[in-house]
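Visitor: I'd like to go over a predicted model; first the sequence, then the structure.
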Number of protein chains: 2
Amino acid sequence: MHITRAMMNPLISPGQVSPSSPDLRVVSAFNAAALTWGDETMLLLRVAEAPINVAPDEVAIPIITLGPDARPNITIHHFHKSSPGLDLRDPRGIIYQGEHFLTTISHLRLARSSDGGHFTIDSAPALFLSENYEEYGIEDPRMTLLDGRVYITYTAVSRNGVCVALASTTDFQHFTKHGLILPPENKNVVLFPERIQGQYMMIHRPTGGGLGGLQMWLASSTDLLHWGAYRPLMAKRLTMWDNVRIGAGAVPIRTSAGWLEIYHGVNAEHGYCLGAVLLDLNDPSLVLARSATPLLSPETEYERSGFYSDVVFTCGATVTQTPLEGEVVQIYYGAVDETTCRVDIPLADILDHLLTPVPLGADFLVLA
Amino acid sequence: MHITRAMMNPLISPGQVSPSSPDLRVVSAFNAAALTWGDETMLLLRVAEAPINVAPDEVAIPIITLGPDARPNITIHHFHKSSPGLDLRDPRGIIYQGEHFLTTISHLRLARSSDGGHFTIDSAPALFLSENYEEYGIEDPRMTLLDGRVYITYTAVSRNGVCVALASTTDFQHFTKHGLILPPENKNVVLFPERIQGQYMMIHRPTGGGLGGLQMWLASSTDLLHWGAYRPLMAKRLTMWDNVRIGAGAVPIRTSAGWLEIYHGVNAEHGYCLGAVLLDLNDPSLVLARSATPLLSPETEYERSGFYSDVVFTCGATVTQTPLEGEVVQIYYGAVDETTCRVDIPLADILDHLLTPVPLGADFLVLA
C-alpha cells in the first residue's frame, strides 16, 4: 500500500491561527472537516483556545456565557493546582469536585487551498459559540454536500452533556444553525452524501454507560432534523487494533465496491489509529470488509508527542484524480490533538487492503 | 396533603405471576404502565425473572438468543461467586471482567381491574423479547393514548446498550413493535398524550458520561418514529431531595394549571422518591413549579426492604373523579423493584403542594 504523508506536514499549526479574543491563545488547529468546493479544498478546522496569563501553579478554565443579545462573553475560572478535589490527569479537561470542565474552548474556522497543501486561514471564526448547548465549545466538524447545501455536523458541549448539532451553508459566508440532532452523549456523526433508499443516513457514536458504548451506529431521517431507525453498525474488536473505542471519521466515500468509511480505532499500545470499513451501497448496515490492520498509526514525531500524544484522527477526506495512481484519497487528519496533517492513499490500495483475504490467525477466527 | 396508600398494598406481588418459562421464576412484578381503557384500569407490568436451580455459591445470568424463526431461546450462564473479576455489589446486575450483565430478564405482562385494586394478571406475556436490541430484556413501559392507538415506550436492553423502543396496540391483544426511537444510553421516556403546537413531544432521560447526565430532556416528532429538537428540561438540584438522578415517571396529565408530570428523584438518604413538576401547556420547556419536597418517599416496610431497597418508582397514573375530593390522581408505583402498589392523592392537593410559595430557606435561594 502506498501511504504518502504530505511532505509539509503539519500543514496547519496553531501558531498560524489568530486567536478569537485577546484573552485566549490558540493551542490547537486540528480535526478538520474537508470538502472539495469548486477549485478549492475547504477545511473547517477545530480551533481550540486556552486562557493566557495563567500562573504556573494554576489551571484556568474558559467558559462562554451568552449575554442578552446572545453575544458570547468569556469567563475564565482559575483553580490552584493543589485545590482539594481537583483531578488534572487528562490534559483535555479537569474534574473539580465531581464536575467536568474542559481546559480549552473550541470553535470552527475556515481554511482554503487551491493545491490541498498551502492553506489560507480565515482571521475570524466561521462558527462560534452562540447557543446554550455550545457553552463549553463546538468540536470535530464534518461537512457533507446534500441537495446543493453544505451540512455541518459537529459536537456541541455544555454542562448538559456532549451532543451532536447540525449547521449548514451554501456559500461559506452565511451559516445557519439547526439545533441538536442527537441527545447526549454522542459524537462522531457523518452524514452519507446522498439519500439511500429515499432516506438520509448517518453514522454516529453513542457514548453510553456500562452496556455497549463507544461503538458505531446508524440512523435514518427524512428531513435531517429528526432521526430514528437506530441500529448498531459495528463493534469494537476485543483482540484487534480497534479494541478500546471506535468512531466514524471522514464522510463516507462512494466507490464501486461500496461506501468507504475511514474511521478511528483506539488501542492501548498505539493510541488513536485510522482504518477503513466498506459498507453495502444500498444497505449500509451490511459490513462488507474491515481493516485487519490500521491504515495509519501514530509513527512520526508530530503524531507521537504533543497536546494529547499518539493520535491520528480524521474528520474529512477528499478524492482527487491523478494521472499515475488513479483516484487518490487525501485524508486530512489531526495529529496529537494539535495540528492538521494530510496523508494520501490510492483508492485502489485501500480497496485491496480491505478486500484481500487475511490469513486466518487466531484473532480473525474469533471475530469472523 | 392527603396521601392515601392503597390498603391492599402491594396490589401485585411476584408470587401471583406465572413464569414465562419453566426455567425461570418471577422475582418482580413492578414499574407498570397504567391506562384507563373503557371501564377498566389496564396495567402493563414489568415482570423480571431469574433462573431456577442456582447453587448457593453461584450466580446465574439469563440471556435470550433469537433462533432463525425469531423464537427466543433462554440460555443460562452460571458464574461461581468466587470467580476472579466478578463484581456482585448490585443485585440488579453483575460485572464480569468489565462486561455488564443483568441478573434478571424482564418482559411486559398485562393486568386489568375494574376497581383499580383487584387485578387479574394474564398468564402469558403481552410483549416478549423478539429483537436483537431486546436480548437482555424489556423494561419500565409507559402507555399513552394518541390518535386512538395505545403507544408503549419502553427500555430495551442488549449488549449494545440501554435504548428506548416503541410499540403500539389498539386492542391489547395484538402488539406492533416499531423499533428503537432513541440511541443509547437513554430511558424513562413518556409521550405527552396530545400534540402540542402540532408536534408529538416526549420527556426522556439520557444517561451520559462526565458532563450532564441523569437529567430530564424534551424532544419533538411529527411521526413518533423520528425525533429531534432535543433540549434540556430540568436538572438535578444539588442541595435538594432530587440531587442524584431524576427521570420522568407517569405520562403527563393535562390540568388547568399545566402539564402535571410525576417524576422520580433520588437522594442518598431516602433512595428513590416521587415528586411533581408542572409544565406550561403550550410550551412544556417552561417549568412552572416543582416539588420542594417529595410527594412520596419510601416509608412503609414494603417500600423500604426488598430486592432493591428504598425505592418508590412510577411508570403510570390514572385520574378518577370522586364525589368528595374531586379529581384524584392514582399513582401506580413499583416498590423496592419488586411489587406493584398504588397511592391516591387529590389533584387539588398536588397543585397546592406545587403552587404554594415555599419559605425561602437557604436551599431555595441557591436554586431559585
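Guide: Sure, I can see it.
Visitor: Report the contact partners of whichever residue of the stretch 51-200 of chain A sits closest to chain B.
Guide: Using Cβ to the nearest Cβ, residue A:161 is the residue of the stretch 51-200 of chain A that sits closest to chain B, at 3.2 Å. Using the backbone N, CA and C atoms, a C-beta is placed for each residue, glycine as well. By Cβ atoms under 8 Å, 6 or more residues apart in numbering or on different chains, the contact list for residue A:161 reads A:183, A:184, A:185, B:206, B:208, B:211, B:212, B:213.
Visitor: just checking, residue A:354 touches residue A:290?
Guide: Yes. Counting by Cβ atoms under 8 Å, residue A:290 is a contact partner of residue A:354 at 7.2 Å.
Visitor: and for these two, which residues touch both?
Guide: A:276, A:277, A:278.
Visitor: Residue A:145: what secondary structure?
Guide: strand (DSSP: H, G, I helix; E, B strand; the rest coil).
Visitor: How about the residue of the stretch 201-350 of chain A found nearest chain B, nearest residue that isn't a chain neighbour?
Guide: The stretch 201-350 of chain A approaches chain B most closely through residue A:212 (3.2 Å), counting by Cβ to the nearest Cβ. Of all residues not flanking residue A:212 in the chain, residue B:161 sits nearest, at 3.2 Å (Cβ to Cβ, 6 or more residues apart in numbering or on different chains).
Visitor: And residue A:138, by the same measure?
Guide: Residue A:138's closest residue in space is residue A:154 (Cβ to Cβ, 6+ apart), at 5.2 Å.
Visitor: Summarise which helices and strands the helix or strand residue A:231 falls within is packed against.
Guide: Element membership of residue A:231, judged by DSSP states H and E, is strand A:228-234. Identification of packing neighbours for strand A:228-234 by 3 or more Cβ pairs under 8 Å, 6 or more residues apart in numbering or on different chains; DSSP states H and E yields strand A:216-221, strand A:287-290, strand B:175-182.
Visitor: export those strands to JSON lines and tack on mean neighbour count and distance to residue B:13?
Guide: Formatted as JSON lines, the helices and strands packed on strand A:228-234 follow (neighbours: other Cβ atoms under 10 Å in any protein chain shown; distance: least, Cβ to Cβ, whole Å):
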{"stretch": "strand A:216-221", "mean neighbour count": "22", "distance to residue B:13": "39"}
{"stretch": "strand A:287-290", "mean neighbour count": "17", "distance to residue B:13": "47"}
{"stretch": "strand B:175-182", "mean neighbour count": "20", "distance to residue B:13": "25"}
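Visitor: I'd like to know which of those lies nearest to residue A:244.
Guide: Closest of the helices and strands packed on strand A:228-234 to residue A:244 is strand A:216-221, at 13.6 Å (criterion: Cβ to Cβ).
Visitor: elements contacting that closest one?
Guide: strand A:200-206, strand A:228-234, strand A:245-248.
Visitor: 10 Å instead, please
Guide: strand A:175-182, strand A:186-191, strand A:200-206, strand A:228-234, strand A:245-248 (3 or more Cβ pairs under 10 Å, 6 or more residues apart in numbering or on different chains; DSSP states H and E).
Visitor: of all the helices and strands packed on strand A:228-234, which lies closest to residue B:40?
Guide: When these are compared by Cβ to Cβ, strand B:175-182 sits nearest residue B:40, at 17.5 Å.
Visitor: Now do that closest one against strand A:200-206, angle only.
Guide: With axes from the mean of the first three to the mean of the last three Cα atoms, to 10 degrees defining the directions, strand B:175-182 sits at 70 degrees from strand A:200-206.
Visitor: What strands flank strand B:175-182, and is each parallel or antiparallel?
Guide: Sheet pairing for strand B:175-182, assigned by DSSP bridges, gives strand B:161-169 (antiparallel).
Visitor: now the partner strand: mean pLDDT?
Guide: The average of the pLDDT scores along strand B:161-169 is 97.
Visitor: can you give me the strands in the stretch 1-150 of chain A?
Guide: A:4-5, A:24-37, A:40-51, A:58-66, A:72-80, A:86-87, A:93-96, A:99-102, A:105-113, A:120-121, A:137-146, A:149-158 (DSSP state E, counting those that start in this stretch).
Visitor: quick one: low-confidence ranges for chain A?
Guide: Scanning chain A with the threshold set as pLDDT under 70 gives A:70, A:209, A:358-368.
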